[in-house]
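Undergrad: coords below, sequence missing:
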């Protein structure tokens, strides 16, 4: 019996060591997968926060141009709003194309006009 154990013991030890190696590889692969998922999640949250900040800055730029340059043409207002938004976005480290910034300012303008028209219509109904 002892001689059988002496022969089988090294084989069992080798099998146990290989199982432990396999488990370590699986655990490390799992950590790698979790790291990738966590990074993607963080990037998504960062991008969402940046988008929200971007739209707030463009809304602010539109409001600034609309209030400060009332008597100027809409093209001049857009240029002033664009300059303001570009400056603020570069201050916070957000880099976007000219088209994206312009589109966000235009959206702010459309939202403002829609709310303005809605307010006027609601005022007419109240009269």
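TA: That came through, no problem. Just so we're clear, the structure is a prediction, and the values are computed from it rather than from any experiment. Numbering: from 1, shown residues only.

Undergrad: going forward, measure contacts and count neighbours with C-alpha atoms only.
TA: OK.

Undergrad: buried residues in the worst-scoring helix or strand of the chain on mean pLDDT?
TA: Within the chain, confidence by mean pLDDT, DSSP states H and E is lowest for helix 98-126 among all helices and strands, at a mean of 81. Under the neighbour-count criterion of 16 or more other Cα atoms under 10 Å, helix 98-126 has 101, 102, 104, 105, 106, 107, 108, 109 buried.

Undergrad: and if you look at stretch 44-56?
TA: 50, 54, 55, 56.

Undergrad: Quick one: residues in contact with that stretch.
TA: Identification of contacts with stretch 44-56 by Cα atoms under 8 Å, 6 or more residues apart in numbering yields 89, 94, 104.

Undergrad: Looking at those residues, spot the one nearest residue 14.
TA: Distance to residue 14 across these (Cα to Cα) is lowest for residue 94, with 55.8 Å.

Undergrad: Show me which helix runs longest in this structure.
TA: Ranked by residue count under DSSP state H, the longest helix found in the chain is helix 2-68.

Undergrad: Point out where the chain drops to low pLDDT.
TA: Residues of the chain that meet the criterion pLDDT under 70 lie in 1, 42, 45, 120-127.

Undergrad: Nice, that's everything, thank you.
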